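**Q** Here is a sequence together with a model predicted from it:
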Amino acid sequence: MTPLLEARGLRHAYRQGGLLARRRVPVLEDATLSIAPGECVALLGPTGSGKSTLGRLLLGLEAPDAGEILFEGTPLREARGRIDPVRRRALQAVFQDPFGATSPRLSAFEVVAEPLLAERLSPSVLRERVAALLRQVGLEPGLMDRLAHRFSGGQLQRLCIARALAPAPRLVVLDEAVNSLDLETQARILGLLRGLRRQGGTAFLFITHDLRLLRGFADRCYVMQDRRAIAVEDPFGTATPPPVLAALRAAILPARPSPSRHRAGLSTTPR
C-alpha cells in the first residue's frame, strides 16, 4: 500500500542568533517516517528533540533543507515549492495551546467555519455543517454563537479539533494537543479522537513527550533520537529501548505510590 504521507531523509537546521546569524544548528538529520491511510502514528521525544519541527515539515508549514516529502507517492510540493490548495486542506493540525490558536473575539461558529468559507456554502448549509462538527466533538450546537473566550481549555481544544476536521482532511497532526489539559479532559479528548478514527478513517500523527498518552491509541511509534525518527515496535514492551525512550518511560509517574518504595524510604518521583 502506498503511504499517505512519507518523509525520506529530511534534514533541517535553524540559524542561531537571528536571521543574520551565520551559524546553523541542525535539528533533523536523515529523518524518515511514513503514515498509512487511516493510521495513527505516534512521534515521541523530549523537548528540543525536533519532533515538532518534523511535524511542521510534514504539514508544509516549512520546507526541509534536504530530503523529500511524498503525499500519496508524489512530492508534496510542486516544482516552485508551492503546495496545491487541495493538498493543503488535506493536511490539518491541532496544536498545544487552544487559546493561542483561536481569537477570543470570534464565536465558536466563526472558529469552526473558517476552513469551510472557501466552499462558498449558503449561510444555512454552513451553519448545518458547523452544527454537525460540534456534535462530532461532543459540543452542543447551541454553543456556536458563544465567544471563544467563554469556553474552558478543554472545550476550546474541541473547537480546534472540529476546525481541523471541517475540510475532511486525510491527516491531522496533533502536536502536544492534550498535554496542557487536566487528566480528566485528556481522557475525554483521547476518547473523542479514538471515536473519530473509527468513524471517518482519518490518519493521525500524534506528537508528544508523554508516553502514557499512547496506550490504546497509536498503531505504530517513532522515537526522536539523535535528530532522527527511530521506529519502535512496542514502546511499552520489555525489549531494551533506545535511550530517549528509556528516559520517557522513567518519567511516567506511577498511578499510586509503591509500598516497597515507601518501606525503603524512597521518593516516588522519578529522577
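**A** Looks like it came in fine. Numbering: from 1, shown residues only.
**Q** Which parts of this protein are strands?
**A** 5-15, 24-35, 40-44, 66-71, 74-75, 91-94, 171-175, 203-208, 220-225, 228-232 (DSSP state E).
**Q** As JSON lines, those with mean pLDDT would be great.
**A** Formatted as JSON lines, the strands of the chain follow (pLDDT from 0 to 100):
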{"stretch": "strand 5-15", "mean pLDDT": "94"}
{"stretch": "strand 24-35", "mean pLDDT": "93"}
{"stretch": "strand 40-44", "mean pLDDT": "93"}
{"stretch": "strand 66-71", "mean pLDDT": "95"}
{"stretch": "strand 74-75", "mean pLDDT": "94"}
{"stretch": "strand 91-94", "mean pLDDT": "96"}
{"stretch": "strand 171-175", "mean pLDDT": "95"}
{"stretch": "strand 203-208", "mean pLDDT": "94"}
{"stretch": "strand 220-225", "mean pLDDT": "91"}
{"stretch": "strand 228-232", "mean pLDDT": "90"}
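**Q** now the ones you listed in TSV, with mean neighbour count and distance to residue 123?
**A** Every C-beta, even on glycine, is put in place using the N, C-alpha and C of the backbone. Output for these, formatted as TSV (neighbours: other Cβ atoms under 10 Å; distance: least, Cβ to Cβ, whole Å):
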stretch	mean neighbour count	distance to residue 123
strand 5-15	18	35
strand 24-35	18	36
strand 40-44	24	35
strand 66-71	16	33
strand 74-75	10	37
strand 91-94	23	24
strand 171-175	24	27
strand 203-208	24	32
strand 220-225	22	42
strand 228-232	19	44
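**Q** Would you tell me which of these gets closest to residue 183?
**A** Closest approach to residue 183 among the strands of the chain (Cβ to Cβ): strand 203-208, 14.3 Å.
**Q** you'd agree residue 165 is up against residue 202?
**A** Yes. Between residue 165 and residue 202 there is a contact under Cβ atoms under 8 Å: 7.3 Å.
**Q** residues shared between the contacts of those two?
**A** Jointly contacting residue 165 and residue 202 under the rule Cβ atoms under 8 Å, 6 or more residues apart in numbering are 172, 196.
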